[in-house]
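>>> pasted the sequence and its predicted model underneath.
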Amino acid sequence: MSSSPSVDLPAPRLKTSATCTVALVGNPNTGKTTLFNALAGMRQRVGNYPGVTVETKKGQLRVGERVFDLVDLPGTYSLAPRSPDEMVAVDLVLGHQPGEPRPDAILSIVDASNLDRNLYLTTQALEVGVPVVVALNMIDVATGQGVSIDAERLGRQLGCRVVPIQANKGKGLDALKQALVAAADDDNIPNSPTFPETFEREVAALREGMSGAPELFLVRRLLLDVGGTTEQHLAARDDGLSAKVAGARKRLTEAGCGVPGIEARTRYAWIRQATAGCVHRPDRRPVSWTDRLDRVLTHKIWGTLIFLAVMFVVFMAIFEWAKPVMKLLASGKDWGAALLRGVIPAGPLASLLIDGILEGVGAVIVFLPQIVILFGFIAILEDCGYMARAAFLMDKLMARAGLSGKSFIPMLSSVACAVPGIMATRVIENRRDRLATIVVAPLMSCSARLPVYVLLIAAFFTEGHPWWMPGLIMFCMYAIGLVTAPLVAFALKRTLLRGETPVFVMEMPLYKRPSLRQVARRMVDSGWAFLRRAGSIILASMVVVWALLYFPRHDAEGNSFADLIEKAEEPVETQRKQLKEWEEKTAPERKELRQLERQAKRDDTGANLFTLYGLIGPPREARVAERDRRIEELTAALAPAKKEMEPLEEALKPVDERIHALEMAWKKNSYLGQMGQAIEPAVRPLGWDWRIGVAALASFPAREVVVGTLGIVYRVGKADSEEIREDPEGSELFAALKQARWNDDSAAAPVYTIPVALSLMVFFALCCQCASTLAVIRRETNSWRWPAFTFVYMTVLAYVGALVVYQVGTWIGSTWMV
Amino acid sequence: MTPSAASLRLDELRVGQRGRILSLAGEPGLLQRLMEMGLFEGEDVEMTAIAPLGDPLEFRLRDYRLSLRRREAACIGIALLNAGERNSP
């Protein structure tokens, strides 16, 4: 090559100064992501393309003066696209993806311990017509199995550079970078398998008749992939093409080299030839750790037990471990709200910042602990090779719903929260399976539904019901999701997501120790991805709902509601402060007393089976005596405080009533309140009044908001879902719900009857009142179509479910229980 | 090294048994996937495990392990190999 470039000479395709684009290809489980991270460091971007759910990562690698733009393609076993998602890899490799440059070189990573199968994809990369570098990863594992590979000799056979590396330990990376520079410099086109002459003749003939002179690579794919995406794409442009391709395939079959068999036979035969003499395997395969572990982990009994234990830990982690952090975030939010209230005068701005934006930000970051914890587990399970075993164990169960074993972890995670669950569907390669899982995951009963269930069950299914009733109702609420989700998935796989039955061909990778650095990286990446792409949508929806509930903020006479409330509060400020002080001082005692009284009630009705018969704990009589003694003690201790508090409460009562009435009038008058009243005819068949309608509408950003909104519209001020979860019967909302009457007429029938409570619970069990879920679906499917579909079908399901429950419940009530 | 007389389908193997692939029959997309993974005539496959619920199955072939559902494994016709027989590449 000339050292002084001249304008007259045709320049080499790769200039030493220019940036060089390198596509990273490899099978799944080869350490591709580890290598990409090691090469690109922290300089990474995520790229996505319209109409597909896959993402590619891009990063930069600098070697001395040279800059390489690395593109990490989705892991695949073959460049034979059968779906738009798989087509992305082919389009990127050939430079057909709009906005992406054609790669100047391909870096193919292969698992040295499973060389033949991994080289299959490499042989396809060799045909693209650009320099290739092969990274021989996990060379230590191969050596451990007694396999020796002569990398240099293999390189000569393939006509490209082959570099042994250990991506997880960072070994061999310098040599790999030098090989990339050298490959870019000499621009050598590697060797590739020779297909039978008959086949090549058909390819050439086909290509001749096609417009736009497509690459040989693409014409080969056209001929080889029966019903593949290449054929669909190219035939759409060219009318007679399908017939020509069919004719060619028929002739090939007659000549004894029919598709698709010809490709695998040719490639594997070539691989066998190329590796002959450079790869030495031991005569007897030694029994490996994977053999020993698999004997236990896929065992009928031990394997199942270990699997259940692992899933239990994962579930408890996202359900329980995240709680302290979520509590901390919530108190941080309260602290921020108090701080803002002190600085900004009350009014629309303060309300926007506190009730709109701060609440919205809180609603976004509250998901982070669960997401990060779940992805920590997923990273560990995938990295160590257990994920494939989990899918293996659960496949038959999920197959009944038309899904595969890989859907199990996303569905399980969704019982804690659908947001991390939907993000976890990335482990599912098949597009239709993944979409079906995403769409049904929000049906699983998540922890945000719990406050709604707990409140309503405590209010309507404890007193006067047998002791097992609350548990039964709670079980039914969870069962609704568990039964509906597979049914919907089953229906979707037969209608909207119908297509070629996905082939369940799953590699069971070797077990290995997970890399802490990779796990940490996955956790951070998942958190970032959620914040960046879903966070803004969640925040926006919170602000919109805030505004709909806040405006208009003046009553018919033009008085601001906020001013009216402030004016009502003014004369009793000192009393309010005193009462609050007393309440804080006596809070622990009052809480304990309340719990003991509740326990006493339960003991009397026999709600607690175990303690009732003295099966657990001290004998019944002793326990009851101790309980009554403590109740007396607490009552006595609280007596002086009670004497102080009672007159204060008396004085505040009319003021509170006035304020609640104002707040309710404000909500009723707000745009959302007006909408609630407008839809009352629609929710009436569910047994709801307009207030429940408003609460349901306002809970669009997040289900648990319904508890807070019910609190406002039922004149008890703000209700806190966390408080309700801990002590439902102690909350004021509990009492207010039981006393609520139609049209606020105290003589009218109660709004809440058992059918209404059930109808509300069933609605919230099935509906998709969760902006975060919709935002994440939008992010994961890269389209608004799927979140819209999910919202609509779930809302319809919820409405119908609530309708049936209310109507049937009312009918049963009036027929048999008069 | 003659395979024993009875020819079976891959899903009919018992855990620990080995077979040599004789034929593949099925829909082209499925066949292509199976062949890409190295499952075609002349290759040896050993069944290593059956999932606790009876499906899918786990096999060892070439230098790796693969899981297939019974339905897919049934597309592959094999000849049972006697213990100790080995495909020498």
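Structure's in. What do you need?
>>> give me the contacts around stretch A:577-596.
Outside of stretch A:577-596, the residues that reach it under the criterion Cβ atoms under 8 Å, 6 or more residues apart in numbering or on different chains are A:627, A:630-631, A:634-635, A:637-638, A:641, A:644-645, A:648-649, A:652, A:727, A:729-730. Any C-beta I mention is one placed from the backbone N, CA and C, and that applies to glycine too.
>>> now compare these and name the two farthest from each other.
Largest separation among these by Cβ to Cβ: A:627 and A:652, giving 32.2 Å.
>>> and the worst-scoring helix or strand of chain B on mean pLDDT, what does it pack against?
Every helix and strand of chain B was ranked by mean pLDDT, DSSP states H and E. The lowest is strand B:7-9, at a mean of 89. Here strand B:7-9 touches strand B:76-81, going by 3 or more Cβ pairs under 8 Å, 6 or more residues apart in numbering or on different chains; DSSP states H and E.
>>> for the strand it packs on, output the C-alpha coordinates as PDB.
Taking C-alpha atoms only, strand B:76-81 is exported to PDB below (Å, rounded to 0.1, in the frame of the first residue of the first chain):
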ATOM      1  CA  ILE B  76     -36.100 -36.600  13.700                       C
ATOM      2  CA  GLY B  77     -35.700 -40.300  12.800                       C
ATOM      3  CA  ILE B  78     -32.800 -42.100  14.400                       C
ATOM      4  CA  ALA B  79     -31.100 -45.400  14.700                       C
ATOM      5  CA  LEU B  80     -30.300 -46.500  18.300                       C
ATOM      6  CA  LEU B  81     -26.600 -46.800  18.900                       C
END
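>>> for chain B, what lies in contact range of chain A?
B:24, B:27-38, B:40, B:48-49, B:51-56, B:58, B:62-69, B:72, B:89 (Cβ under 8 Å from any Cβ of the partner chain).
>>> filter those residues down to the ones in strands?
Secondary structure assignment by DSSP state E places B:24, B:48-49, B:58, B:64-68 of the residues of chain B next to chain A in strands.
>>> need the residues you listed in CSV (columns: distance to residue A:509, neighbour count and pLDDT).
Formatted as CSV, those follow (distance: Cβ to Cβ, whole Å; neighbours: other Cβ atoms under 10 Å in any protein chain shown; pLDDT from 0 to 100):
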residue, distance to residue A:509, neighbour count, pLDDT
B:24, 24, 18, 93
B:48, 14, 20, 93
B:49, 15, 24, 93
B:58, 12, 22, 95
B:64, 8, 23, 93
B:65, 8, 25, 93
B:66, 10, 24, 94
B:67, 11, 26, 94
B:68, 16, 26, 95
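>>> farthest pair within these?
The largest separation in these, counting by Cβ to Cβ, is between B:24 and B:49 at 22.2 Å.
>>> and the pLDDT at residue 43?
Unless you meant another one, I'm taking chain A. Looking at residue A:43, its pLDDT reads 75.
>>> chain B, not that one
93.
>>> that one contacts residue B:19, doesn't it?
No - assessed by Cβ atoms under 8 Å, residue B:43 is found out of contact with residue B:19, at 9.7 Å.
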